[in-house]
Structure formats: structure tokens, C-alpha cells
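K.L.:
Sequence plus predicted model, see below.
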Amino acid sequence: MFPEYRDLIAKLKVEDTRFARLFDAHNKLDDKITGLTNNPVTGNLDELDELKREKLRLKDEMHVILKEAAEKEGK
């Protein structure tokens, strides 16, 4: 995710608690979605769709933070 911001992501995970929280939540959702997708008895597809929407929302929020931080650093 966001390979062009790899160094900035590493920096923000340490220096920005909001970004770190979003990053962790995104990864946890990704793991949960993968688990549900790989499970032959996935269960509630509505739940899976909701989790995917939440993951996308977190990704969008992180992207905004990354763009703002990159602008501040002059990148």
C-alpha cells in the first residue's frame, strides 16, 4: 500500500499516533477480511462488505495524512 510513501509511512508510524492507530486498524481489518475470504463458511457477506468499506475508509484517511506530510517535507 502506497509504495511511493514507504519511508514516510515508517516515519509517521513512529511520530504520529493517529496515523499509527489508523495503520494498525487497517492491517487488522485486512487480516480479518483475508480470514473470512479464505474460510469456506464465510458467513455473512454483508459483514464482509462492511469490513471492506471500513478498510477503504481507513486507507483514504491515511492517504490524506500522507499527502499532507509529504507536502510539509517538500516532496
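P.N.:
Thanks, I have the structure now.
K.L.:
switch to C-alpha atoms for all contacts and neighbour counts from now on
P.N.:
Fine.
K.L.:
where does residue 35 sit relative to residue 73, distance-wise?
P.N.:
Separation of residue 35 from residue 73 (Cα to Cα, to the nearest Å): 37 Å.
K.L.:
which one of the two has more residues nearby?
P.N.:
Using other Cα atoms under 10 Å as the criterion, residue 35 and residue 73 rank with residue 35 on top: 12 against 9.
K.L.:
Just name whatever secondary elements whichever strand or helix holds that one is in contact with.
P.N.:
Using DSSP states H and E, residue 35 sits in helix 17-38. Under the contact definition 3 or more Cα pairs under 8 Å, 6 or more residues apart in numbering; DSSP states H and E, helix 17-38 sits against helix 6-15, helix 45-72.
K.L.:
Including mean neighbour count, could those helices go into a markdown table?
P.N.:
Below are those laid out as a markdown table (neighbours: other Cα atoms under 10 Å):
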| stretch | mean neighbour count |
| --- | --- |
| helix 6-15 | 13 |
| helix 45-72 | 14 |
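K.L.:
ok, now which ones touch the one residue sitting closest to the centre of the chain?
P.N.:
Central residue of the chain (Cα atoms, centre = their mean): residue 26, 3.5 Å from the mean position. Listed by Cα atoms under 8 Å, 6 or more residues apart in numbering, the contact partners of residue 26 are 55, 58-59.
K.L.:
Endpoints of stretch 31-47, how far apart?
P.N.:
Criterion Cα to Cα; first-to-last residue distance in stretch 31-47 is 14 Å.
K.L.:
got a list of contacts for it?
P.N.:
If you take Cα under 8 Å, 6+ apart as the criterion, stretch 31-47 is touched by 48, 51-52.
K.L.:
Report the rounded mean pLDDT for it.
P.N.:
When pLDDT is averaged along stretch 31-47, the result is 80.
K.L.:
chain center to it, what's the gap?
P.N.:
Put simply, stretch 31-47 sits 18 Å off its chain's centre (Cα atoms, centre = their mean, to the nearest Å).
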